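**Student:** Okay, here's the prediction I keep looking at, along with the sequence it came from:
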Amino acid sequence: MELKDLKPASGSRQSRKRIGRGDKTAGRGENGQKSRAGGGKQAGFEGGQTPLARRLPKLPGFKNINRVTYLPVNVDRLESLYEAGETVDNKSLKEKGVIKHEDALVKVLGDGDITKALTVKVDKVSASAKAKIEAAGGKVEEPC
């Protein structure tokens, strides 16, 4: 047996139906919705029953597309990660693995205690965190 002798099994191959080449109905049958141009049902049609998309309730509320989210970092985390006199900014937070991206917005929150004098240069600092950092001898610089 050679490659040239191979054939598909009998009945396994069927020639395609060539639509609109001779028969007056063009392979669509006689009459009815599906025989006409543009005929057929739209997507999601359920035989006259109220479609699923209309039966389900809409979600409550709305999503504000202008919302700004800050990644929270507490002062006790800064206490454990930084030495006295160091600067806390997005670059150093990324290097220490606190945030994933250097351009993320960060807000320092006041949970925990801090005893080291740090310079904080992040996007926002809560009032309690600012008081704790300044009480420890550190300083909070703008843009916060």
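**Tutor:** Looks like it arrived, so ask away.
**Student:** Residue 31 versus the closest residue to residue 27 other than its chain neighbours, what's the distance?
**Tutor:** Closest residue to residue 27 apart from its sequence neighbours, by CB to CB, 6 or more residues apart in numbering: residue 19 at 4.7 Å. For glycine as for every other residue, the C-beta is placed from the backbone atoms N, C-alpha and C. In this view, residue 19 and residue 31 are 17 Å apart by CB to CB, to the nearest Å.
**Student:** count of neighbours near the closest residue to residue 33 other than its chain neighbours?
**Tutor:** Spatial nearest neighbour of residue 33, chain neighbours left out: residue 39 (4.6 Å); criterion: CB to CB, 6+ apart. Taking other CB atoms under 10 Å as the criterion, the count of residues near residue 39 is 10.
**Student:** Give me the pLDDT for residue 39.
**Tutor:** Residue 39 carries a pLDDT value of 88.
**Student:** Can you verify my assumption that it contacts residue 31?
**Tutor:** No - counting by CB atoms under 8 Å, residue 31 is not a contact partner of residue 39; they are 10.4 Å apart.
**Student:** dump the residue contacts of residue 56.
**Tutor:** Under the criterion of CB atoms under 8 Å, 6 or more residues apart in numbering, residue 56 has no neighbours.
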